[in-house]
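Student: Could you work out the structure for the sequence below:
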Amino acid sequence: MMKKIVLLCSEGMSTGILVNKILDCAKKCGKEYDISAHAVTEASIYGADADLILLGPQVRFNLTRVKDELPGKIVDVIDMRDYGTMNADGILKKIQGMIGE
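Tutor: Below you'll find the predicted structure:
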């Protein structure tokens, strides 16, 4: 079954670029994931059936709120350096480690 990963940021736009880069890296590794980007205000909508939820560093102050809204879900923050440099390979490795792949 394909793993669903949700990335959350302020508006879901800047992280949308990162999603495409992560999907490209995953494809090169022979992996397929359902990865999408959304505004952090939509966490409970899009995170409800996610295997992993990652927050952009600009919204990291929402970490506790998102964890409270989605109990039992794996929720973390993308490293600021990886996010800023669009290090899709590094973020993909973090994703794989967190979901046990």
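Student: Could you use CA atoms for every contact and neighbour count after this?
Tutor: Will do.
Student: which helices and strands does the lowest-mean-pLDDT helix or strand in the chain pack with?
Tutor: Confidence across the helices and strands of the chain bottoms out at helix 14-28, with a mean of 92, counting by mean pLDDT, DSSP states H and E. Counting contacts by 3 or more CA pairs under 8 Å, 6 or more residues apart in numbering; DSSP states H and E, helix 14-28 is packed against strand 3-9, strand 33-39, helix 88-99.
Student: and the angle for it with strand 3-9?
Tutor: In terms of direction (axes from the mean of the first three to the mean of the last three CA atoms, to 10 degrees), helix 14-28 departs from strand 3-9 by 150 degrees.
Student: and helix 14-28, which residues are buried?
Tutor: Using 16 or more other CA atoms under 10 Å as the test for burial, helix 14-28 gives 15, 16, 18, 19, 21, 22, 23, 24, 25, 26.
Student: Excluding covalently adjacent residues, which one is nearest to the first one?
Tutor: Spatially, and ignoring its direct neighbours in sequence, residue 15 is nearest to residue 37 (5.9 Å; CA to CA, 6 or more residues apart in numbering).
Student: Tell me how far the one you found lies from residue 74.
Tutor: 16 Å (CA to CA, to the nearest Å).
Student: Of these two, which one has the most company?
Tutor: With neighbours defined as other CA atoms under 10 Å, residue 37 and residue 74 compare such that residue 37 has more, 25 against 16.
Student: what's across from the more buried one in the sheet?
Tutor: Note on residue 37: beta-bridge partners by DSSP bridges are residue 7.
Student: what's near enough to touch it?
Tutor: 6, 7, 8, 9, 12, 13, 15, 16, 19 (CA atoms under 8 Å, 6 or more residues apart in numbering).
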